[in-house]
Structures are given as C-alpha cells and as structure tokens.
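Chemist: coordinates only, no sequence provided:
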C-alpha cells in the first residue's frame, strides 16, 4: 500500500521563501528516488512571526519512504541541506506517515 507522509515545518517568516526554495531542492532529489510517487507543498498565511510549511509526499510503500529517510542520514549533501533548513525553523519538525488505503464500509450499512 502507498504511504502518504505529512511533514509540518514551522518556519520563521523572515525565511519563508528561502525555506521553500530549499524544500524544492529536496523534492528534486526525492523525485529521482525509487518509490517516490508525488509531492505537494502548502503554506499557511502565517501568525506571530512564523509560517507553517507542510510537505505532503506520496511513496509506493512505507518501506520506500523509510529507505529514503535512512539514506538521508548517509548523504552529506542532503545532510547539509537539512542543516540549512533547520536553521530557519521556529519549532521541531512534525512528521506523520499514513497508509493510503480505501476505507472499509461496514457490512451492516
């Protein structure tokens, strides 16, 4: 089953565009990774000097995403990118993995 990964970054507003640009660099790497299906980036209007940037990525399987995450820690270029992004954050990164599956309808409905 496909995995949908939702990652929320809370970014200092002063760095919003720079952060999204770095996120696009990251996405360019992900598109070439085995199992990557698609991605979308959405942003909030912002509040109190911060803006939420949410990355929604879709992977062929949870295993594909986990491999990407594991390789992330081994790749020096990606680690550098992550460090530059981390410097712009106003809060810890929140990430949740969902399974993309059809909802089961109870038999008695």
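Modeler: Perfect, I can see it now. This is a predicted model, so every value here is computed, not measured.

Chemist: poorly predicted segments of the chain, please.
Modeler: For the chain, applying pLDDT under 70 flags the ranges 72-73, 102-109.

Chemist: what about the helices in it?
Modeler: Along the chain, counting by DSSP state H, helices occupy 16-31, 62-74, 76-86.

Chemist: so which of those is nearest residue 96?
Modeler: helix 62-74 (11.6 Å; Cβ to Cβ). In short, each C-beta sits where N, CA and C put it, glycine included.

Chemist: thought residue 96 was touching residue 6?
Modeler: Yes - counting by Cβ atoms under 8 Å, residue 6 is a contact partner of residue 96 at 5.2 Å.

Chemist: who's more crowded, these two?
Modeler: residue 6 (14 against 9; other Cβ atoms under 10 Å).

Chemist: separation between that one and residue 30?
Modeler: 14 Å (Cβ to Cβ, to the nearest Å).

Chemist: and the helices of the chain as a markdown table, adding mean neighbour count?
Modeler: Converted to a markdown table, those look like this (neighbours: other Cβ atoms under 10 Å):
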| stretch | mean neighbour count |
| --- | --- |
| helix 16-31 | 15 |
| helix 62-74 | 14 |
| helix 76-86 | 13 |
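
Chemist: can you redo these as JSON lines with distance to residue 53?
Modeler: Output for those, formatted as JSON lines (distance: least, Cβ to Cβ, whole Å):
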{"stretch": "helix 16-31", "distance to residue 53": "6"}
{"stretch": "helix 62-74", "distance to residue 53": "18"}
{"stretch": "helix 76-86", "distance to residue 53": "10"}
